[in-house]
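J.: Next comes the sequence, and after it the predicted model I'd like to discuss.
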Amino acid sequence: MDKSLTLTLPEIIQASVSRFPDKPVLAYVDEAPLTYLDFRNKINQVIRFLSEAGFKKGDKIAILSQNMPNWGVAYMAITSMGAVVVPMLPEFSNEEISNVIAHSEARAVFVSDRLQHKISDSGLTLINIETFEMRDGSLKAESLTADESLYLSFGVKPEDMASIIYTSGTTGKQKGVMLSHMNICFDAHKGRVVQPIMEKDSFLSILPLSHAYENTLGFVLPIIGGASVYYLRQPLAPAILVDALKKVQPTAILTVPLIIEKMFRGKILPTIKEKAIVRFLYKIPYFRVKIHKKAGAKLMETFGGKLTFFGVGGSKLDAVVEQFLREARFPVAIGYGLTEAAPMLAGSNPQNGKLQSTGPQIEDIELKLVGAEKPGDQGEIWARGPNIMMGYYKDPNLTAETITPDGWLKTGDLAAYDKDGYIFIKGRIKNTILGANGENIYPEEIESLINNFKHVVESVVVEQKGRLVALVHFNQEELEKAYRQMYGEMSEKLELQIEELKKELQQHVNARVNKFSRLQAVVIHREPFQKTATQKIKRYLYSK
């Protein structure tokens, strides 16, 4: 490992302030930014505030807030004084929040006005993250003078715990992932090897900062490079996003597959196929590429015109959508990781990607496929390196099940390598369905076929009483519009058409999969599926 890397969060702040003191670092869209020097001064002020309030190294302090510049200030203040930050997802239920606070033994919570109603524990110290004052009015950060000597007095080391990240994941059981300063800082440094980020770069942050993906790669990484990060003051919505893209003109965005998949199926594809002649030409590869390039130019314009890195992670990007992005010359880059790896394990940039691959492993870590003997064979990904978590908080048994005595993290992901060392994810081992004769059935592959069928929004393939069943959420508004044009006002005929559509979908899928992956039933799911922070469907809710 490179000995010159800064491997604690306070060191990263100090290094960036010395290099980029007057450069903008964090801001709301269309509002005055904090410079790097402003940022460090606010961090120092909040450290003094926390110290005056009696907090010390090792204390657990939570954050419950939507993205904002002060989120970053609170995070860096907590970790720079050697305390442990416990970021909580805004989407967590009241019960989940209470459980996280109790399990982590958090003594205080930085909370936004919008989310304060979710906290019911009257014994907690509540701090307004928007104003940095105690909710009871007893102490205000702005009344205190920032103390540089205090900032440097905590002796934070790379091996010290920096954060405990809780996630409901897709299993339904919360786990507290303990990440050290070295875990986070190493991963951020190596992310810059995959895609160099410099002071000229600007990020638009649309994923929750409380998730390891956005936290390490969309916050710590740009700070190392001297870039700026912009946040939405209003909740994410299409019109809000388009306006922000126009104003910020970001060079980099991190996102999850669902966002771009929805955009492709809901906006781009219908526009491409609205004319009969274009629909015909679209079936011919040469013309499809030409059409994609034209659509890609419009998409680039929508994203502000200066985008050089469109990072996709969190789950697998649909092959059809990825092919469009690559043929459209849109700067898509795919990565792979998990919270337990802080999070990135593999990644590519827009210049070196391969269709449906997450790229090669990142620099200075080890990956191996357990059970694979040669390129192309499938195996479980095991990872080892400076980014692998310290373990699960208060759960030594689960830690021992997940990390081997010699430091290998068992990811639970099935994958294969090609001859160039690029990784191709097959799916989660826990999601694999065992067929009647012992065959492995990968639901993610079947779902990809379903999701590219007309009028489908999303789907989940599960086993129910020995049968392979697809739960499918159709675009009801789109269906009603399509069939009303054909038949006029009629609810009964619409339901009959949906039943025909189900049969057509089942035949479409079964003609394209092996015999043991054929669907026995298609069931309509009227509501959108419940999802995690990275927009993965919570499968455990539907596998019953």
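T.: Structure received.
J.: and stretch 4-24, which residues are buried?
T.: Applying a neighbour-count criterion of 16 or more other CB atoms under 10 Å, one finds 5-14, 16-17, 20, 23-24 buried in stretch 4-24. All C-beta spots, glycine's among them, are computed from the backbone N, C-alpha and C.
J.: ok, those vs Glu478, which is closest?
T.: Pro24 (41.7 Å; CB to CB).
J.: thought that closest one was touching Leu34?
T.: Yes - Pro24 sits in contact with Leu34 when judged by CB atoms under 8 Å, with a separation of 7.1 Å.
J.: Only alpha carbons, please: show stretch 261-281 as PDB.
T.: Extracted as PDB, the C-alpha positions of stretch 261-281 are listed here (Å, rounded to 0.1, in the frame of the first residue of the first chain):
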ATOM      1  CA  GLU A 261     -33.500   2.700 -16.200                       C
ATOM      2  CA  LYS A 262     -36.700   4.600 -15.500                       C
ATOM      3  CA  MET A 263     -35.500   7.500 -17.600                       C
ATOM      4  CA  PHE A 264     -34.600   5.100 -20.500                       C
ATOM      5  CA  ARG A 265     -37.900   3.200 -20.400                       C
ATOM      6  CA  GLY A 266     -40.200   6.100 -19.500                       C
ATOM      7  CA  LYS A 267     -38.700   8.900 -21.600                       C
ATOM      8  CA  ILE A 268     -36.000   7.900 -24.100                       C
ATOM      9  CA  LEU A 269     -37.400   4.700 -25.600                       C
ATOM     10  CA  PRO A 270     -41.000   5.900 -26.100                       C
ATOM     11  CA  THR A 271     -39.500   8.900 -28.000                       C
ATOM     12  CA  ILE A 272     -37.400   6.700 -30.200                       C
ATOM     13  CA  LYS A 273     -40.200   4.400 -31.000                       C
ATOM     14  CA  GLU A 274     -43.000   6.900 -31.600                       C
ATOM     15  CA  LYS A 275     -42.600   6.900 -35.400                       C
ATOM     16  CA  ALA A 276     -43.100   3.700 -37.400                       C
ATOM     17  CA  ILE A 277     -40.100   4.200 -39.700                       C
ATOM     18  CA  VAL A 278     -37.800   4.700 -36.700                       C
ATOM     19  CA  ARG A 279     -39.200   1.600 -35.000                       C
ATOM     20  CA  PHE A 280     -38.400  -0.400 -38.100                       C
ATOM     21  CA  LEU A 281     -34.800   1.100 -38.400                       C
END
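J.: helices and strands around the top helix by length along the chain, which ones?
T.: Taking DSSP state H as the assignment, the helix of the chain that covers the most residues is helix 491-510. Here helix 491-510 is seen to pack against helix 443-451, strand 467-474, helix 476-487, strand 521-524 when contacts are counted using 3 or more CB pairs under 8 Å, 6 or more residues apart in numbering; DSSP states H and E.
J.: could the ones you listed be laid out in a markdown table, adding mean neighbour count?
T.: What follows is the helices and strands packed on helix 491-510, written out as a markdown table (neighbours: other CB atoms under 10 Å):
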| stretch | mean neighbour count |
| --- | --- |
| helix 443-451 | 21 |
| strand 467-474 | 20 |
| helix 476-487 | 13 |
| strand 521-524 | 16 |
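J.: For Thr534, which of those is the nearest?
T.: Each of the helices and strands packed on helix 491-510 was checked against Thr534 via CB to CB, and the shortest separation belongs to helix 443-451, namely 14.5 Å.
J.: so what does the closest one touch, helix or strand wise?
T.: In this structure, helix 443-451 packs against strand 423-428, strand 456-464, strand 467-474, helix 491-510, with contacts taken as 3+ CB pairs under 8 Å, 6+ apart.
J.: got a markdown table for these, with distance to Leu179 and mean pLDDT too?
T.: Conversion of the helices and strands packed on helix 443-451 to a markdown table gives the following (distance: least, CB to CB, whole Å; pLDDT from 0 to 100):
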| stretch | distance to Leu179 | mean pLDDT |
| --- | --- | --- |
| strand 423-428 | 22 | 91 |
| strand 456-464 | 30 | 92 |
| strand 467-474 | 34 | 93 |
| helix 491-510 | 40 | 86 |
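J.: any chance of the ones you listed in JSON lines, with distance to Ala436 too?
T.: Formatted as JSON lines, the entries for those read as follows, by distance: least, CB to CB, whole Å:
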{"stretch": "strand 423-428", "distance to Ala436": "19"}
{"stretch": "strand 456-464", "distance to Ala436": "10"}
{"stretch": "strand 467-474", "distance to Ala436": "10"}
{"stretch": "helix 491-510", "distance to Ala436": "16"}
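J.: measure Lys60 to Asp160 for me?
T.: When distance is defined by CB to CB, to the nearest Å, Lys60 is 13 Å away from Asp160.
J.: Apologies, that question was intended for Lys536.
T.: Lys536 sits 31 Å away from Asp160, going by CB to CB.
J.: now Val513
T.: 50 Å.
J.: Mind checking which of the two has more residues around it?
T.: Under the neighbour definition other CB atoms under 10 Å, Val513 and Asp160 were set side by side, and Asp160 has more, 20 against 16.
J.: Need phi/psi at that one.
T.: According to degrees, to the nearest 10, the main-chain angles of Asp160 amount to phi -70, psi 150.
J.: Check whether it really touches Met178, as I assumed.
T.: No - shown here, Asp160 and Met178 do not form a contact pair, counting by CB under 8 Å, at 10.6 Å.
J.: count of neighbours near the residue nearest to Lys273 when sequence neighbours are not counted?
T.: The shortest distance from Lys273 to any non-neighbouring residue, by CB to CB, 6 or more residues apart in numbering, is to Arg279 (4.9 Å). Other residues within reach of Arg279 by the criterion other CB under 10 Å amount to 11.
J.: What is the three-state secondary structure of Arg279?
T.: Classification of Arg279 using DSSP: H, G, I helix; E, B strand; the rest coil returns helix.
J.: what do you get for Ala62?
T.: Recorded secondary structure, Ala62: strand (three-state DSSP).
J.: Contact partners for it?
T.: Ala62 makes contact with Val85, Val86, Pro87, Met88, Val100, Ile101, Ser104, Ala106, Ala108, Val109, Phe110, according to CB atoms under 8 Å, 6 or more residues apart in numbering.
J.: ok, 6 Å please
T.: Remark: with contacts taken as CB atoms under 6 Å, 6 or more residues apart in numbering, Ala62 is in contact with Val86, Met88, Ala106, Val109.
J.: Would you mind giving those residues as a markdown table with distance to Ile78, neighbour count and pLDDT added?
T.: Conversion of these to a markdown table gives the following (distance: CB to CB, whole Å; neighbours: other CB atoms under 10 Å; pLDDT from 0 to 100):
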| residue | distance to Ile78 | neighbour count | pLDDT |
| --- | --- | --- | --- |
| Val86 | 9 | 26 | 98 |
| Met88 | 13 | 25 | 96 |
| Ala106 | 11 | 23 | 96 |
| Val109 | 11 | 26 | 98 |
